[in-house]
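J.: need a 3D model of the following:
(chains A and B)
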Amino acid sequence: MTKTNGHPDANLLAAFAEHALNGAERTNVLAHLADCARCRGVVYLAQEAAENETARVEAVSPSSARGGWFNWRFAAVAAVLLMSVGVAGWLAYQHTEKRGDTNEAVNKGPRPQSEQAMMVEPETRPEEEKSAAKKAEAQNAPSPVPSPAPARKAMPPAEAVANPSTGGIATAALPAVAALPATEGGMLPAPVPGRSSATHYEAAPKARQLIEQERSVEQQRMQSAAAKASLRNQSEMTSYDSREPVATAQADASTMKMESLDSGSAPGAAYPVHGSSAEMPHPAMARPRANSSTALPGGGAVASSLVAGGNELALDENGKLFLSPDGGASWRTIRKQWKGKAIVLLNAPGGGKGGAEVLLRNESNHAWMSTDGGETWSPYSGTNSTDESSPSR
Amino acid sequence: MGGVISRCGLICPWRQSLAQDAANPKEWMGLGLPAGALALLEASWSSTHAQERAAEDEGFVQFAEAVAEIATHARYGGAESEKQKLAFVAAMKLDDLLLARECAAGREEAWERFMLLYRETLYKAAYAIARSEERGRELADSLYADLFGLKEKDGKRQSPLKYYHGRGSLAGWLRSVLSQRFVDGYRSTRREVAIAEGEEFADAREPETREGFGVEGQGRLERALAAEMKALDAEERFILSSYFIDGRTLKQVAGLLGVHESTVSRSVSKLAEQTRRRVGKRLQKEGLSKRQIEEMMETDVRDLQIPIKKILQGEPVGAFLNQGGGAQAEEVVKGGGADD
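T.: Have a look, this model is predicted:
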């Protein structure tokens, strides 16, 4: 045992006080301490100093009793807040799930890549698109279907129109899609699974009623979209997702044909994305057309419609073609002059003869043309088209 | 040994791999450290010397030498096997030891670190020990100056830090040194202080004798108690001394022994009863009657605390009721044991 003047040195005393000595050394120091009041005084004073310092540290430490209580209280508040957020999120998720089930009943299939395009910031789009969207919004104002804008106020109109199915290449069709009536999807984009939860969570307190109305309208459109599903399946031009609502699919089909037909007027040219004439709404497309709520003589829903040469043309789900010379007030059936089931009406390239030329395509992707506003139809050769997917094949 | 090793690396190329050296430490500078100890030292070294390789630094060599010297001097705490020796080295506060050694060697970086880590501790401990800010500051300043090495010997600064062995923490060592200085300074001026403050005036008083008790009776009881005290082991005597002589609380005693307060409480009760019974038997053997013995141990024979306390303090038996203590008592209890 190290001693100074017969006493253990400070090393041993400090080690003893900290219980750092082993058996033999501890016993020796303890024996000395038992008999030495001086060394006992040293170790007890050192111990008091250490305790005093520890107590002071605890007094200012956040882990002290008071600090610990405050910490617990803050932790409890944080836990309550987290639980509240969690419950609210779960309720919103449940709401979205319920809605998602309705949509997926019709729209089963892989998630479209075009959804990525939905995330495009509106600010990045050309001003023409925005103005066209605004214009379409203004035109659709008197629509009987309430606008979901309050429920999706975070989504600008142009984006709301473009979201459903545009994808990367369909951006050029945005004006045309935006020009569609609200009942055909222009203002009612398909729900976006990845975004609907947060959107509906924000909107639920405010626009639950609007959402319910929107849901019913969408269900109607889904029914008509089922008839259009075959069109999309047969399409070899794009990979448009089958979950798109019918109005958008219809617009896409028009866009596809516009692409193929435009390429006929401009052989070899790729479909323009921005800044081309295709971005501007076609005259025929810009005019009001029959919509799904229009009553056709056959009782079927409108599957496709156009205005050509002053006549309004409409195809129902059964492929029957109807013509209205008075803007939809009265309809008459056009005799079938084509083979198969007509599924879509298309504008002729360039809107020849003042927009009186119109195309009709059947399930077999064959086309017929009318140059008199839909009265008479003749097979369309499509010799101008260089596109393999031309309906004239 | 450190002078043999230089930084050139040519003289001692075997120092290049410390890990390899650690596997066979006896070959490494002949320090005699157990296998694996150098790795511990290197870890402590690396914590503050990231820029320098341990095996190539003279400071590390000196550090390793110091550890080896301390461990050898302490005989590795009685350890015999290499594993026990390694445990001894591992239990040392190597980081603190390295810092202390470098401070003593005059490394500015180490001294700055010491100030950062321990200056406040030093002064707070001094205030607590002296129970006075003025005296505490004086105490701390004095030690602080010594630690810095204001005293020189042979042209070299002499710092008490080089006497720190790393057995306990550096903070604990500093508190112990402060306490030693305070106690030694207090004891050197105790008589003056005691008279002035009247704290220990009772020590100077003549011990009272109980009427009818007699000097012979006092001597018998005193011897009997001293004999019983010697029969106790170190921890039991420490407990009794701390509790009855120093007046320490159960918590303080338990804190030093590393046990619970209740353990100390039971020990005190058990020792008091045991000592009373044994002293009574011893006195009975010497021919005292039971009545006389009871009178010696006060009326309440179940309570031997006061008699034991007085006897441990070495005061005459007749001074049972005397609440004071004295240095005289220590010598009686110690029986010539090691003390100042």
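
J.: B:E286 and chain A: what is the separation?
T.: Between B:E286 and chain A the computed distance is 26 Å (Cβ to the nearest Cβ, to the nearest Å). Where C-beta positions appear, they are placed from N, C-alpha and C, glycine not excepted.

J.: which stretch of helix or strand covers the nearest residue to that residue once chain neighbours are set aside?
T.: Sequence neighbours aside, B:R220 is the residue nearest to B:E286 in space, at 5.7 Å (criterion: Cβ to Cβ, 6 or more residues apart in numbering or on different chains). Under the criterion of DSSP states H and E, B:R220 resides in helix B:215-231.

J.: tell me which residues of that helix come out buried.
T.: For helix B:215-231, burial by neighbour count (16 or more other Cβ atoms under 10 Å in any protein chain shown) applies to B:217-218, B:220-226, B:228-229.

J.: low-confidence ranges, the stretch 101-250 of chain B, go.
T.: Applying pLDDT under 70 to the stretch 101-250 of chain B picks out residues B:150, B:187-218.

J.: could you list the residues of it in contact with chain A?
T.: B:121, B:124-126, B:128-129, B:163-169, B:171-173, B:175-180, B:182-184, B:187, B:234-235, B:237-238, B:241-242, B:245-246, B:248 (Cβ under 8 Å from any Cβ of the partner chain).

J.: out of those, which are buried?
T.: Using 16+ other Cβ under 10 Å, the buried members of those are B:121, B:124-126, B:128-129, B:163-169, B:171-173, B:175-180, B:182-184, B:234-235, B:237-238, B:241-242, B:245-246, B:248.

J.: ok, which stretches of chain B are strands?
T.: With DSSP state E, the ranges of strands along chain B come out as B:151-153, B:156-158.

J.: now do the end-to-end distance for stretch B:162-173.
T.: With Cα to Cα, to the nearest Å as the measure, stretch B:162-173 spans 12 Å from end to end.

J.: to clarify, my last question referred to stretch A:359-376.
T.: End-to-end distance for stretch A:359-376, by Cα to Cα: 11 Å.

J.: returning to that earlier point: could you dump the buried residues of helix B:215-231 to TSV with distance to B:A35?
T.: Formatted as TSV, those follow (distance: Cβ to Cβ, whole Å):
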residue	distance to B:A35
B:G217	64
B:Q218	62
B:R220	60
B:L221	58
B:E222	56
B:R223	55
B:A224	55
B:L225	52
B:A226	50
B:E228	49
B:M229	46
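
J.: between the residues you listed, which is nearest A:E317?
T.: A:E317 lies nearest to B:M229 out of those, by Cβ to Cβ, at 113.2 Å.

J.: help me confirm that that closest one comes into contact with B:R237.
T.: Yes. Counting by Cβ atoms under 8 Å, B:M229 touches B:R237, with 6.4 Å between them.

J.: mind checking pLDDT for B:Q51?
T.: As predicted, B:Q51 sits at a pLDDT of 65.

J.: swap that for A:R125, please
T.: At A:R125, pLDDT is 45.

J.: do the same with B:A90
T.: The model reports B:A90 with a pLDDT of 89.

J.: can you check B:W45 too?
T.: For B:W45, the predicted pLDDT is 81.

J.: for the longest helix seen in chain B, buried residues please.
T.: When chain B is parsed with DSSP state H, its longest helix is helix B:261-285. Buried residues in helix B:261-285, counted by 16+ other Cβ under 10 Å: B:264, B:267-268, B:271-272, B:275-276, B:279-280, B:282-283.

J.: could you do stretch A:325-336 as well?
T.: Buried, per 16+ other Cβ under 10 Å, within stretch A:325-336: A:325, A:328, A:331, A:334.

J.: taking those residues, tell me the two that lie furthest apart.
T.: Across the buried residues of stretch A:325-336, the two lying at the largest distance from each other (Cβ to Cβ) are A:G328 and A:I334, at 15.0 Å.

J.: residues contacting the closest residue to B:K85 other than its chain neighbours?
T.: In space, and not counting its chain neighbours, B:K85 is closest to B:P34: 4.0 Å by Cβ to Cβ, 6+ apart. Going by Cβ atoms under 8 Å, 6 or more residues apart in numbering or on different chains, B:P34 touches B:25, B:82-83, B:85-86, B:89.

J.: in helices, which of these appear?
T.: B:82-83, B:85-86, B:89.

J.: turn those into JSON lines, including neighbour count.
T.: Formatted as JSON lines, the ones in helices among the contacts of B:P34 follow (neighbours: other Cβ atoms under 10 Å in any protein chain shown):
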{"residue": "B:E82", "neighbour count": "15"}
{"residue": "B:K83", "neighbour count": "12"}
{"residue": "B:K85", "neighbour count": "22"}
{"residue": "B:L86", "neighbour count": "20"}
{"residue": "B:V89", "neighbour count": "23"}
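
J.: and the residues you listed, which is closest to chain A?
T.: B:K85 (11.8 Å; Cβ to the nearest Cβ).

J.: surely that closest one meets B:A74?
T.: No. Judged on Cβ under 8 Å, B:K85 makes no contact with B:A74 at a distance of 10.5 Å.

J.: CA atoms only: put the helix holding B:R220 into CSV for me.
T.: Only the C-alpha atoms of helix B:215-231 are listed here, as CSV (Å, rounded to 0.1, in the frame of the first residue of the first chain):
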residue,chain,number,x,y,z
VAL,B,215,-10.8,4.9,38.6
GLU,B,216,-10.2,1.2,38.7
GLY,B,217,-13.6,0.5,37.3
GLN,B,218,-13.1,2.9,34.5
GLY,B,219,-9.8,1.3,33.6
ARG,B,220,-11.4,-2.2,33.5
LEU,B,221,-14.1,-1.0,31.2
GLU,B,222,-11.7,0.8,29.0
ARG,B,223,-9.4,-2.2,28.6
ALA,B,224,-12.3,-4.4,27.9
LEU,B,225,-13.7,-2.2,25.2
ALA,B,226,-10.3,-1.7,23.7
ALA,B,227,-9.9,-5.5,23.5
GLU,B,228,-13.2,-6.0,21.9
MET,B,229,-12.5,-3.3,19.4
LYS,B,230,-9.3,-5.0,18.4
ALA,B,231,-11.2,-8.2,17.9
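
J.: okay, the angle between that helix and helix B:261-285?
T.: Using axes from the mean of the first three to the mean of the last three Cα atoms, to 10 degrees, the direction of helix B:215-231 lies 130 degrees away from that of helix B:261-285.

J.: and A:T376, that one's in a helix?
T.: No. Counting by DSSP: H, G, I helix; E, B strand; the rest coil, A:T376 falls outside a helix, being coil.
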